[in-house]
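Asks: predicted model and sequence follow; I will ask about them next.
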Amino acid sequence: MSKENIILIGFMGSGKSTIGKKLARALEYRFLDTDELIEERAGKTITQIFAEDGEAAFRRTETELLEELIQNETHCIIATGGGMPLRPENAACLKKLGMVVLLNATPETILERLKEDTQRPLLQGDNKAEKVNALYNERFPKYTAAADYVVNTDDKTFYSIINEIETLYKEEGKRREK
Ligand code: S3P
């Protein structure tokens, strides 16, 4: 049975950290962000990790962190990096860790949110729109396969998104008690 955490997955710019913090406040849960934890432990930014150690090393660290969270954490809202659900072993770990919610936004919304961004190594350089579209199409089936629930965020207020997730979580809780 999965643990009592809510894990937010989704594309870069889908609002995982922003919504995660607000949701944590509403539920009085602790907020964790896997990118932040990895940066703190490495003592460098994700951009530096990609540049100095490579993406494969970053992905290994993500998997190790997930395994550790399963052992240690409960009653947390956990925002994950956009690539977290892609490794098959991670997708299985996410389900063990708790209720997995995909925050979905269209590529157009994502592009609008990330147009000034310089922090995501995978979207640097020219043709951001092409990169977002290609990655989104490649990843979407993996995201939905890893998720217990999909919450669309386009044109919704934070308040209604949080309410939606809280309702899903309460329903899960009732099922868990049966
Ligand atoms: C990544 C998303 C980033 C970060 C890294 C790789 C991805 O996190 O983990 O740059 O592969 O989509 P956010 O989704 O928080 O931007």
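Replies: All right, it came through fine. Numbering: from 1, shown residues only.
Asks: check contacts around residue 31.
Replies: By CB atoms under 8 Å, 6 or more residues apart in numbering, residue 31 lies in contact with 20-21, 24, 76-77, 79. C-betas here are computed from N, CA, C, even on glycine.
Asks: quick check: the farthest pair among those residues?
Replies: 21 and 76 (11.9 Å; CB to CB).
Asks: what about these two, which has more around it?
Replies: Taking neighbours as other CB atoms under 10 Å, residue 21 and residue 76 compare with residue 76 leading, 22 against 14.
Asks: now the more buried one, what are its backbone angles?
Replies: phi -130, psi 150 (degrees, to the nearest 10).
Asks: and the gap between it and the ligand?
Replies: Computed as CB to the nearest ligand atom, to the nearest Å, the residue 76 to the ligand distance reads 16 Å.
Asks: would you confirm that that residue contacts residue 27?
Replies: No - counting by CB atoms under 8 Å, residue 76 stays clear of residue 27, with 9.8 Å between them.
Asks: name the residues contacting each of the two.
Replies: residue 6.
Asks: figure out the helix or strand that the closest residue to residue 14 other than its chain neighbours lives in.
Replies: Nearest non-adjacent residue to residue 14, counting by CB to CB, 6 or more residues apart in numbering: residue 103, 4.4 Å away. Assigned by DSSP states H and E, residue 103 falls within strand 99-104.
Asks: what does stretch 129-144 contact?
Replies: 9-11, 82, 85-86, 91, 102, 104, 107, 110-111, 114, 122-123, 125, 150.
Asks: of these, which ones also sit close to the ligand?
Replies: Filtering those for proximity to the ligand by CB under 6 Å from any ligand atom leaves 82, 122.
Asks: does anything pack onto the strand or helix carrying residue 169? Which helices or strands?
Replies: Residue 169 belongs to helix 158-177 when assigned by DSSP H and E. The contact analysis (3 or more CB pairs under 8 Å, 6 or more residues apart in numbering; DSSP states H and E) places helix 158-177 against helix 16-27, strand 99-104, strand 149-152.
Asks: who touches the helix or strand hosting residue 63?
Replies: Secondary structure assignment for residue 63, by DSSP H and E: helix 55-72. If you take CB under 8 Å, 6+ apart as the criterion, helix 55-72 is touched by 3, 5, 32, 34, 37-38, 42, 46, 49-50, 76, 78, 80-81, 83-84, 87, 89-90, 93-94, 96-97, 121.
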